[in-house]
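K.L.:
next comes the sequence, and after it the predicted model I'd like to discuss.
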Amino acid sequence: MSKVINPKTEALFAQIQKGKEEIDAIKKELASKVQKTFHDLSKELFILYPELKSFTWTQYTPYWNDGEECTFEVNTDYMSFNGYNEDYDKKGPSDWIDIEKNSKSKMWNKDGDWREVRNPNYNPYYKEIINSVKQFLKKFEDDDFLSIFDDHVEVTVTADGVKTKKYEHD
């Protein structure tokens, strides 16, 4: 059974609905502009640094956060460059190894402890590339990443464009 609404109230509700529709249109336009800006400017990174072939990160809302509110996260602190993650994958090209660690690499010694050893193939230019990519990504807000790429995804950016794939996490 529907309630009878006063015509003045009905006009007020119509104004509210119209305002919400205008706001939604502005949000969509803004998201489109942010996406275009990201895509256009990320291509510039590959022009500036021809050695850069790709960079990848994950983004998701955790399912559990130690009792705290679960909020969307963009994990640009743990990235892969040219398909190689320096923190977790020690099988990558030797000149990309541990470039964030000022030319040193941590390795297990025979006693099972970590020790730092110099990386003879260290090239500071690669650190410049990684720092430039990370600074580029910091110019965008988490909400930008969410609107451009969605939640629970791995994002890979190349000179040819962006690919996302579903990302499972703990």
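P.N.:
Yep, that arrived. Residues are numbered from 1 along each chain as shown.

K.L.:
excluding chain neighbours, what is closest to D150?
P.N.:
Spatial nearest neighbour of D150, excluding adjacent residues (C-beta to C-beta, 6 or more residues apart in numbering): T164 at 6.8 Å. Quick note: C-beta positions are derived from backbone N, CA and C, even for glycine.

K.L.:
ok, that neighbour - contacts?
P.N.:
Residues near T164 by C-beta atoms under 8 Å, 6 or more residues apart in numbering: 149-150, 153-156.

K.L.:
quickly note the distance from L41 to E168.
P.N.:
Note on L41: its distance to E168, by C-beta to C-beta, to the nearest Å, is 30 Å.

K.L.:
could you check which of the two has the larger neighbour count?
P.N.:
Using other C-beta atoms under 10 Å as the criterion, L41 and E168 rank with L41 on top: 12 against 8.

K.L.:
okay, the more buried one and V157: tell me how far apart.
P.N.:
Taking C-beta to C-beta, one finds L41 at 11 Å from V157.

K.L.:
following the helix of greatest length in the chain, which helix or strand shows up next?
P.N.:
As assigned by DSSP state H, the longest helix anywhere in the chain is helix 7-48. Next helix or strand after helix 7-48 toward the C-terminus (DSSP states H and E): strand 54-60.

K.L.:
which other residues reach that next one?
P.N.:
Residues from elsewhere that reach strand 54-60, judged by C-beta under 8 Å, 6+ apart: 72-76, 78-83, 133, 137, 142, 145-146, 149, 151-158, 167, 169.
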